[in-house]
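# Curious how this folds, go ahead:
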Amino acid sequence: MAVYSKKLYTMLQKAKKHLYVQLTKTDLDDRRTLGYVQAMFDSEGAVHKNLARITLWNKDENKLKLVKRLLEKAGITCGKITRSRNVYGLPIYGKDNLVLFAKKIGFRHPVKRARLAGKGALAQP
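Take a look at the predicted model:
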């Protein structure tokens, strides 16, 4: 489906800008912010098959910077945002960080939740 609407595009751009402003003013204790971050990881996060690593992928580097700030504010250490082809990745390394991620954020996606549990990170918020 293709939609060609300048009005819709403008509305979405304003909503995106508003979202970014709101994310800079909040933390994971806000249930709306937590829900947004959970949804991002459910849709665009990956649990590595063999390593103790979760990576959040997105084309918008600024969005990943905001999520990184929220995670680090919650005590979850993140790696450097890297670019692979036309997408950016935000990694979370190490078992301690995965356990903290599972406790504070977790996955709702059943396959990703099971993979995370297989890494020894069992808690879910």
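
# for this protein, where's the lowest mean pLDDT among helices and strands?
Every helix and strand of the chain was ranked by mean pLDDT, DSSP states H and E. The lowest is helix 6-24, at a mean of 79.

# Identify each buried residue in it, please.
Buried residues in helix 6-24, defined by neighbour count with 16 or more other C-beta atoms under 10 Å: Leu23. All C-beta spots, glycine's among them, are computed from the backbone N, C-alpha and C.

# For it, name the packing helices and strands.
Here helix 6-24 touches helix 31-44, helix 61-73, going by 3 or more C-beta pairs under 8 Å, 6 or more residues apart in numbering; DSSP states H and E.

# Swap in 7 Å and give it another go.
Judged by 3 or more C-beta pairs under 7 Å, 6 or more residues apart in numbering; DSSP states H and E, the packing partners of helix 6-24 are helix 61-73.

# Not counting whichever helix or strand comes after the helix it packs on itself, show me its contacts.
Going down the chain from helix 61-73, the next helix or strand is strand 82-84, by DSSP states H and E. For strand 82-84, contacts defined as C-beta atoms under 7 Å, 6 or more residues apart in numbering pick out 88-89.

# avg pLDDT for the next helix or strand after strand 82-84?
Proceeding N to C from strand 82-84, the next assigned helix or strand is strand 87-93, under DSSP H and E. Mean pLDDT, computed over strand 87-93, is 96.
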